[in-house]
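1. how does the following fold in three dimensions:
(2 chains)
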Amino acid sequence: MKKVYASADAALDGLLKDGMLIAAGGFGLCGIPELLIEAILKAGTKDLTVVSNNCGVDGFGLGKLLDTRQIRKMVSSYVGENAEFMRQYLSGELELEFNPQGTLAERMRAGGAGIPGFYTRTGVGTVIAEGKDHKDFDGETYILERGIVADLSIVKGWKADESGNVVFRKTARNFNVPAAKCGRICVCEVEEIVPTGSLDPDAIHLPGIYVHRLVQGEHEKRIEQRTTRKKEAV
Amino acid sequence: MAWDRNQMAARAAQELQDGWYVNLGIGIPTLVANYIPEGVHVTLQSENGMLGIGPFPYEGEEDPDLINAGKQTVTELPQTAYFDSAESFAMIRGGKIAMAILGAMEVAENGDLANWMIPGKLVKGMGGAMDLVAGVGRVVVVMDHTSKHGESKVLKACTLPLTGQKVVNRIITNLGVLDVVEGGLKIVELADGVSEAELRAATEATIVG
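-> Numbering: from 1, shown residues only, chains lettered A, B, ... in the order given. Model prediction:
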């Protein structure tokens, strides 16, 4: 079966449905599936629940889907500097389920690994624990968190081979691996698709079994906080 | 007289021990990296998937694929390793990180920490803070002792939604250093030019000893 598609629109063809649950990779604007987000924007799919650590920034990344009101609910750990995200949430226009970042990553990993729930100490004694099953193990209290299985995963890699094996670059790996694993279908956009056999099998970050469709494209890769130092005079 | 941001960061850096893996939060905690004592080798963890954070890049060498948890561009070191977010929090939750240095909105005398939201006003989100305070060996908070309006942030009980319950070990503020102990807080150190009376007056929490 051919995994490589000609465009992000083609790669998502037949997969989008109003009201669906989408897991997206990325941390801030680093390693976000910008081409697939753009394709969802164009498709106009609405009432989406999106599981993603952040929701892009104002006017970029998933922030674009907030502007068009295509997102009904976010499951995230950080609203941060996204003013429209905070505004929609505080005004009650957007539903937001806060998850601690590690709990969110593990919910995705677990969902993809066939594990429906796990116990964690994270969030015990906070609002996060309200209504969740508590259990003591070896004198410590833990809460039960559920694994997430998404209808669709959208992720961004650096290189992939035609079999769907993916390699990420530096900190752009982040949520892309757990997000990819938790989707019933995973679409991955990359900067370069190379022939099968040209990636080192020992260096694959995401094996092709998790990746159903691939698309190659140009990425803007916007920087959120450009911090630098000056070169000392030699 | 009191410590400024950099002096607070420098004091916090004294908490580091050779060989430790440490997570630094956003804000003043990030500055701690500039004051690591000579002969102390620590590896900084960034929860977005990196061990071994290097300095900011030179102008023109920024890499959008290489950022810290504050989304700032950084560089790698010879010992750097990258991993995904699930792996990152496995090492945090699994107790492999010796210490986290974090900012706070409020700390209580029993070690409760609040640093992620003000209901109805400001929503930041907890990011990785809830996982860090629940998982790391030692939690050090670095913050101003009082709010802009002069109200104590070192309280008998937190008023804001908690990040963690009974998780803070040590508090470093512009006025001094306090430890969370049985029955309240114990003064460990006063900042330059700060009297014990001044620190006590700025502290709502019970001070013991």
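2. okay, residue 144: pLDDT?
-> Chain wasn't specified; assuming chain A. For residue A:144, the pLDDT comes out at 98.
3. look at chain B instead
-> Reported pLDDT for residue B:144: 97.
4. now the one 5 residues further on
-> Looking at residue B:149, its pLDDT reads 94.
5. check residue B:203 too.
-> pLDDT, read off for residue B:203, is 98.
6. that one against residue B:146, yeah?
-> No: judged on CB atoms under 8 Å, residue B:203 makes no contact with residue B:146 at a distance of 9.1 Å. The way it works is simple: take the backbone N, C-alpha and C, and place the C-beta from them, glycine included.
7. between the two, tell me which one has more neighbours.
-> residue B:203 (25 against 18; other CB atoms under 10 Å in any protein chain shown).
8. what about the more buried one, is that helix, strand or coil?
-> coil (DSSP: H, G, I helix; E, B strand; the rest coil).
9. distance check, it against residue B:108.
-> Going from residue B:203 to residue B:108 by CB to CB, to the nearest Å gives 11 Å.
10. so where's chain A uncertain?
-> For chain A, the stretches flagged by pLDDT under 70 are A:233-234.
11. show me where it has strands.
-> A:4-5, A:21-24, A:48-51, A:71-76, A:95-98, A:117-120, A:134-137, A:140-146, A:152-156, A:159-161, A:166-167, A:186-190, A:192-194, A:213-216 (DSSP state E).
12. of all those strands, which gets the most neighbours per residue?
-> Ranked by mean neighbour count under mean count of other CB atoms under 10 Å in any protein chain shown, the strands of chain A are led by strand A:152-156, which reaches a mean of 30.
13. next up, the contacts around residue B:86.
-> Residues in contact with residue B:86, defined by CB atoms under 8 Å, 6 or more residues apart in numbering or on different chains, are A:105, A:106, A:108, A:109, A:177, A:178.
14. what separates it from residue A:195, distance-wise?
-> For residue B:86, the distance to residue A:195 - CB to CB - is 30 Å.
15. before we move on, what about residue A:87?
-> From residue A:87 to residue A:195 the distance is 47 Å (CB to CB).
16. higher neighbour count, the two?
-> residue A:87 (14 against 9).
17. can you tell me the distance between the two ends of stretch B:182-202?
-> 21 Å (CA to CA, to the nearest Å).
18. contacts for that stretch, please.
-> Contacts for stretch B:182-202 (CB under 8 Å, 6+ apart): B:1-3, B:7, B:11, B:109, B:145-146, B:152, B:154, B:170-171, B:173-179, B:203, B:205-209.
19. and the strands of chain A as TSV, adding distance to chain B?
-> Below are those laid out as TSV (distance: least, CB to the nearest CB, whole Å):
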stretch	distance to chain B
strand A:4-5	23
strand A:21-24	12
strand A:48-51	12
strand A:71-76	7
strand A:95-98	6
strand A:117-120	6
strand A:134-137	12
strand A:140-146	10
strand A:152-156	10
strand A:159-161	12
strand A:166-167	11
strand A:186-190	13
strand A:192-194	14
strand A:213-216	17
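20. can you give me the strands in chain B?
-> Going by DSSP E, chain B shows strands at B:21-24, B:43-46, B:50-53, B:76-82, B:99-102, B:106-108, B:113-114, B:117-118, B:122-123, B:138-142, B:154-155, B:170-172, B:176-181, B:184-190.
21. enumerate the positions of the third one that are buried.
-> Yep, that's strand B:50-53 we're talking about. Across strand B:50-53, burial judged by 16 or more other CB atoms under 10 Å in any protein chain shown covers B:50, B:51, B:52, B:53.
22. can you tell me the strand partners of the helix or strand of chain B with the lowest mean pLDDT and which way each runs?
-> For chain B, counting by mean pLDDT, DSSP states H and E, strand B:122-123 ranks last in confidence among helices and strands (a mean of 82). Its sheet considered, strand B:122-123 pairs with strand B:117-118 (antiparallel) by DSSP bridges.
23. same question for the partner strand, mean pLDDT?
-> 92.
24. what residue ranges in chain B score low on pLDDT?
-> For chain B (pLDDT under 70), the answer is none.
25. and residue B:200, how many neighbours?
-> 12.
26. need the nearest residue in space to the residue of chain B positioned farthest from its centre, chain neighbours excluded.
-> Here chain B reaches farthest from its C-alpha mean at residue B:60, the gap being 30.2 Å by CA atoms, centre = their mean. Nearest residue to residue B:60 in three dimensions, chain neighbours excluded: residue A:228, at 7.9 Å (CB to CB, 6 or more residues apart in numbering or on different chains).
27. again, but for residue B:78
-> residue B:52 (7.9 Å).
28. looks like the one you found contacts residue B:42 (just checking).
-> No: applying CB under 8 Å as the test, residue B:52 and residue B:42 come out as separate, 10.1 Å apart.
29. returning to what we had before: write the PyMOL selection for whichever of the contacts of stretch B:182-202 are buried.
-> Buried subset of the contacts of stretch B:182-202, written as a PyMOL selection, criterion 16+ other CB under 10 Å:
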select buried, chain B and resi 2+3+11+109+145+146+154+170+171+173+174+175+176+177+178+179+203+205+207
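30. can you tell me which of the contacts of stretch B:182-202 are up against chain A?
-> The subset of the contacts of stretch B:182-202 within reach of chain A, by CB under 8 Å from any CB of the partner chain, is empty.
31. residue A:77 contacts residue B:124, correct?
-> No: if you go by CB under 8 Å, residue A:77 and residue B:124 don't touch, sitting 10.0 Å apart.
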